[in-house]
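Chemist: Structure, please.
(one chain, ligands or ions: 1)
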Amino acid sequence: MLMGLNDKQTTKNKNFLQSFGHAMNGIYCLVTTERNFRKHLVFATLAVILGFLLQINLDQWLWVIFALFAVISAESLNTIVEAVVDLIVDHKYDPLAKRAKDVAAGGVLLSALFAVIIGLIVFGQALLAFIK
Ligand SMILES: Nc1ncnc2c1ncn2[C@@H]1O[C@H](COP(=O)(O)OP(=O)(O)OP(=O)(O)O)[C@@H](O)[C@H]1O
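Modeler: Model (predicted):
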């Protein structure tokens, strides 16, 4: 079991290992509770496989990796916003809660759009070079 998964600690982390354990727990939460995050991981895996198949160059890898982490970051932020909003309003309807959650979801959508654009440019170019 991951360190920090079941503890009830509310004080500061004492060392790097403890911080690392809680950070790993955060990633575990993202993977196990966020359906959209899992979908993005599947797309990320497919993009990496395609990158190897089409033998994209270093610059192209950097763009692909940048796009993947942009989506992961936006998805993490969205999850944080959802958790904090629910903590504050306790699932009661609130226009500000709606605004915060909708903006966070919009950020994920924009980052996914960015990743699609990068994917089309990089893999489109690589595919053309592969066919030629
Ligand atoms: N407390 C609230 N007050 C007002 N609107 C809310 C509230 N909670 C959720 N909503 C509305 O419902 C939408 C979905 O809520 P929420 O993000 O919690 O669900 P979700 O299914 O986990 O979203 P996602 O698809 O991003 O995982 C929000 O974008 C917002 O429009």
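Chemist: Nearest the middle, which residue of the protein would you pick?
Modeler: Centroid-nearest residue in the chain: residue 72, 1.5 Å away (criterion: Cα atoms, centre = their mean).
Chemist: I figured it was touching residue 40, is that so?
Modeler: Yes. Counting by Cβ atoms under 8 Å, residue 72 sits close enough to residue 40 to count as a contact (6.9 Å). (C-beta placed from N, C-alpha, C; glycine too.)
Chemist: still on that earlier bit, and the residue nearest to the centre of the chain, what does it touch?
Modeler: 37, 40, 44 (Cβ atoms under 8 Å, 6 or more residues apart in numbering).
Chemist: again with residue 26
Modeler: The contact partners of residue 26, taken as Cβ under 8 Å, 6+ apart, are residue 76.
Chemist: roughly how far is the longest helix anywhere in the chain from the heart of the chain?
Modeler: For the chain, the longest helix by residue count, based on DSSP state H, is helix 95-131. With Cα atoms, centre = their mean, to the nearest Å as the basis, helix 95-131 stands 11 Å off its chain's centre.
Chemist: and it, what does it pack onto?
Modeler: When contacts are defined as 3 or more Cβ pairs under 8 Å, 6 or more residues apart in numbering; DSSP states H and E, helix 95-131 sits against helix 35-53, helix 58-89.
Chemist: Quick one: mean pLDDT over the shortest one.
Modeler: Same thing as helix 35-53. The pLDDT scores in helix 35-53 average 95.
Chemist: cool, and the longest one?
Modeler: Along helix 58-89, the predicted confidence averages to a pLDDT of 97.
Chemist: That one vs helix 95-131, what angle?
Modeler: For helix 58-89 against helix 95-131, the angle by axes from the mean of the first three to the mean of the last three Cα atoms, to 10 degrees is 160 degrees.
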